[in-house]
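Asks: A predicted structure for the sequence below; I have some questions about it.
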Amino acid sequence: MELLEVNALHKSFVQAEQQVPVIRGVDMTLAAGEVVVLLGRSGGGKSTLLNLMAGIETPDSGDIRFQGEPFAELDDRGRTLIRRRRIGVIFQFFNLVPTLTVAENLQLPLQLNRQPLGGRVDAMLEALGLVGLGQRFPEQLSGGEQQRVAIGRALIHSPPLLLADEPTGSLDASSAEQVVKLLIEQVRVGGHGLLLVTHNAELAALGDRTLILEEGRLKGAPERKLS
Amino acid sequence: MLSLVLRASGRHFRRHPWLPALALLGMVLGVAVVMGVEVTNQSARDNFRLANERLLGSATHRIEAEGTIPESLLTSLVTELGVSAAPLINRYLRLGDAEGPVLQLLAFDSLQASRFRPDAVSGDRREWGLGDLILTPGAALVGVDTLDESGTEAGSPLPVVSESGARQLRVIAPLGERGDARYARLVLMDIGQAQVLLDLPGRLDAIELYLSKAEARRVQAWLPAGTRLETADEQRAASQGLSDALHLNLSALSLLAMVVGLFLAYNCLSFSLLQRQSLFAQLRTIGLTRRELAGYLVLELTLLGILGALLGGLLGSVLAEKLLVLVTRTLNDLYGTSPIERLQLGAAVITKCAVVTLGGLLLVGWGPLRWLLGQPVREAGSQVSLARDTNRKATRRGWMAALMVAGAVALGSWPGSGLAGGYLAVTLVLLASAALVPPLTAACCRILGRSLGQRQRPALMLQMALRDGDRGTGRSGVALAALVLAIATTLGMGTMIGSFRLTLEGWLQQRLNADLYVAPLSAVPGADKVLPPELWQWLAAEPRVQALASFRGFQTRLAGRHVELISARLPPPARAGYRFVAGDAVAAWEGFDRPGQVLISEPLAIHQGLAVGEPVTLTTPRGTRVFEVAGIYYDYGSDNGRVLINRRHWEGEGSDQAGRVAGVYLQAGADITAFIDALRLAYPEPPLRITPTQGALERSMAIFERTFAVTDVLRLLAVMVAFAGMLAAVLALQLERQAELRLYHALGFSPGERLRLLLYQALLIGLIAGLLAIPTGLVLAWGLIHWIQLRAFGWSLAWSVQPGLLLQAPALALLASLLAFAYPAWRLVRGGYSRARLMRAEA
């Protein structure tokens, strides 16, 4: 059973009172422990596809199954609960809660899922290389540090699926390299599935598979090749 | 989880304290006004009722007459009919001197006190006996609070002023417990001692009886002419509704202020949610469900409401203490004396105010909450969404407004919809105005913007501000609508009060057209004295006197309501002071001169649905009488209504020279001062109040000004709430533009240009709000005058626009705008908004 299955997905938006198709019949799968890189130009629909998979948007037609269960058909509450429990989302612009400390930002998913905190926050801070920064607020951190916190927040509750939307888009080259390295490392160690959306072709080498979204359609290997 | 969300929001509020503080301020002020007025109203009603109840005692019936009743009537009642009856004197005294507080004096038969006045003789009787009360000269039981007030102890003398002059009571015991309103300002005496004190030998004010239905019928048939028998319930019912209209109006005005406060809270809540929209979107992305988010927000709203209710309640209690003095004075002036002035803070009033506060807040919070919960999660991390005021929305608003206006006109034109219909009509007008403000604002900005055109850079800031006004009504439209309503409310109330004042002045100037007025002087209220016949004869014979008018009022009932019957002699100069609402004046006076016809005042005609030619049935001291309405005249002296009857028909031939008040018309060129001197010389006793017209006008206006004082206070509070609302809304809009200012800085706008942009935005809001408030306020005033005042009090008022008030509206708005501009301007000058962080990075 695949971690994520997408079949014949369509999505369009209304712009200037006209229907504009953004996703036109996308099929793909993602397996547990697999890293898939999704490339495409800016404005090509990558974020929309990611939002669909996160349950933030609903498709016009098509099917999304998460761990074998229908996902897109659920109501908002149903999708939200699945996202809370089983998906971690990382954004380009970090989106940390500005009025919570680093430690509190990390605690959020655990508290939402009523999981015990234990020493998980401290362990995550150490894994992220942010020991001693737990009581700082986001605006007191650099961009790279903030994105690391965002990664930590996405992983701390051990979701099977990670969705990362341009995680290095706001970072300089050095920070971007560090962040991606950390992300891949954590994904491999934890056995999470990762869909990494980017317009940076250099990051494609880091994945197990590369897909290209062009004019709403996917090119590349939509399914994992079994070796 | 909840603790983290609370912590996140709490820190947000600490970093941005203005919005929640201003929302709270709006709530507190609105609640304070409602609480203050409700407590005042309830206290005044309770005090009035208490004063009435203690007057009524425990008897089932009462006999009253015009003036006093001879004691022999009581004796005959008991001996001939064998009924249980007791005497009563009910008068007023002043404590200390002629300016002292008013005390209520009740005098009764001490030997029958346990039956008719059980409260008086209950309690601790160790210190005194009935013999003390009956035999000691001036013996009195006095309310313990009054004794504390005057520093008097039992056994000591207590100086008072009665209608007969200065007197001394001998306090034989305190009455009641401290703080018990039933005994506030109360003096109890034995009937005999009171008759001596008041120079009323052998006279009573009333006879109290315990009667069965059969006995009541026998007594009714037996009573001589000039006396009437009433049940205690009839008397109670007549007093209860006396001041309903005043209380209702005060409540309505306070609710208007509350609406303004709620709008302020709505504004601030909306902006607070808008500011935190990104935060909530992130939480939704992480997995907080809509229901969980809604639960938290409702909790936040409830906490705000509880805090607002508590603080507002405290402030309202303080306000109530001040208002009660004004309202009690007004009630005494208009409806009779109630010496009790005690604040009664009951659980019912507190509960009512708490429910109104929380209910109002949840109501106004519902809209922003629904909007936030309806926002798609994908907005997380993206630019704050603006609710664009599309053409479709504007059209829908226009239709809604048209429907509401149609509804208002329908209700306003239909008198049968009553006072409730009038209030609903006014509310619809306000809502229609609110709906039209955003599209009108956008249209104004668009037109102004086009007229500016593409110009040199100096006009660019103004152009940008106008464009923002046009495109940004989605986020600022509600704030503007609230501002317009807040200012319009104060303008409407002010115009209504001003129109009332102007109408009254005109009426008084026309009505008080004698050269001077003569009446018996009395230090205490309620004294029913008449001018002596010799004085009338002197006046009639005096060659300097051209004409003489006389007036004497009697309390009667019409359909269970108190109505004053004025027996009057009105020579032609006096008749010129009356203007008629309906009916030809000549025909009306001809009818007045005929037996069986009367003139009635406008309030009476409106409340009872009477027209010229219709019958009016009065329960008078002489029994039930039916008269025909000969004319309806304007009168603002009583909202319960008056009936004017020719003295000759009421008191018989030869009674021209009698009455309580004389209006004296002098011959042309007569010296008023010399005439007054001659009058005083001829009649040094009894003391007279001689008032030239100007003095009478001033005295009358002073009484009305006291009535206006309450509404003026409420209007001032509404102005304060409106001002706070303006400040909050403009400040919120300015603060919300912080990200834009950073962008302009990044693009190269100088500090001066950014400052000018802020200033234009602030001034534009203030100017538009102020200008749009003018027509709304005037329409509101029109509604208040024609749909509320007329239906509540029965008074037609001339709608008059006061230029000062018209200027006040935009001035208030602009002042608030400039003050609100000050903080962001100060921040900008200090180097704020300089970091070029673009909007999307803002959480």
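Replies: Yep, it's here. Numbering: from 1, shown residues only, chains lettered A, B, ... in the order given.

Asks: average pLDDT for stretch B:547-562?
Replies: Mean pLDDT, stretch B:547-562: 85.

Asks: got it, and stretch B:436-445?
Replies: Across stretch B:436-445, pLDDT averages out at 84.

Asks: Centre of the chain to that stretch, how far?
Replies: Relative to its parent chain, stretch B:436-445 has a centroid offset of 35 Å by Cα atoms, centre = their mean, to the nearest Å.

Asks: Stretch B:571-588 now?
Replies: Distance, stretch centre to chain centre, for stretch B:571-588: 31 Å (Cα atoms, centre = their mean).

Asks: Ok, stretch B:643-651 next?
Replies: 34 Å.

Asks: How far does that stretch stretch from one end to the other?
Replies: The first and last residues of stretch B:643-651 sit 15 Å apart, counting by Cα to Cα, to the nearest Å.

Asks: What are the contacting residues of it?
Replies: Counting contacts by Cβ atoms under 8 Å, 6 or more residues apart in numbering or on different chains, the residues outside stretch B:643-651 that touch it are B:550, B:552, B:556, B:558, B:563-570, B:592-593, B:595-596, B:598-601, B:604, B:616, B:618, B:627, B:633, B:655-656, B:658-659. C-betas here are computed from N, CA, C, even on glycine.

Asks: what helices or strands is the longest helix anywhere in chain A leaning on?
Replies: Longest helix in chain A by number of residues, with DSSP state H as the criterion: helix A:173-190. Helix A:173-190 sits against strand A:35-39, helix A:143-155, strand A:161-165, strand A:193-198, with contacts defined as 3 or more Cβ pairs under 8 Å, 6 or more residues apart in numbering or on different chains; DSSP states H and E.

Asks: buried set for the helix or strand encompassing residue B:557?
Replies: Assessed by DSSP states H and E, residue B:557 sits inside strand B:545-558. By 16 or more other Cβ atoms under 10 Å in any protein chain shown, the buried positions in strand B:545-558 come out as B:545, B:547, B:548, B:549, B:550, B:551, B:552, B:553, B:554, B:556, B:557, B:558.

Asks: Report the separation between the last one and residue B:213.
Replies: In this structure, residue B:558 lies at 24 Å from residue B:213, with Cβ to Cβ, to the nearest Å as the measure.

Asks: pLDDT wise, what is residue A:129 at?
Replies: 90.

Asks: All the helices of chain A, in order from the start?
Replies: Along chain A, counting by DSSP H, helices occupy A:46-54, A:76-86, A:102-112, A:120-128, A:143-155, A:173-190.

Asks: Tabulate those in a markdown table, adding columns for distance to residue A:19.
Replies: Shown next, in a markdown table, are the helices of chain A (distance: least, Cβ to Cβ, whole Å):
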| stretch | distance to residue A:19 |
| --- | --- |
| helix A:46-54 | 14 |
| helix A:76-86 | 23 |
| helix A:102-112 | 36 |
| helix A:120-128 | 43 |
| helix A:143-155 | 33 |
| helix A:173-190 | 36 |
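
Asks: Now tabulate the ones you listed in a markdown table and tack on mean neighbour count.
Replies: Supplementary listing: those in a markdown table, determined by neighbours: other Cβ atoms under 10 Å in any protein chain shown:
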| stretch | mean neighbour count |
| --- | --- |
| helix A:46-54 | 24 |
| helix A:76-86 | 19 |
| helix A:102-112 | 23 |
| helix A:120-128 | 18 |
| helix A:143-155 | 24 |
| helix A:173-190 | 16 |
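
Asks: so which of the ones you listed comes closest to residue B:479?
Replies: Of all those, helix A:76-86 sits nearest to residue B:479, with 29.8 Å by Cβ to Cβ.

Asks: helices or strands next to that closest one in the packing?
Replies: Other elements packing on helix A:76-86 under the criterion 3+ Cβ pairs under 8 Å, 6+ apart are helix B:277-286, helix B:290-335.
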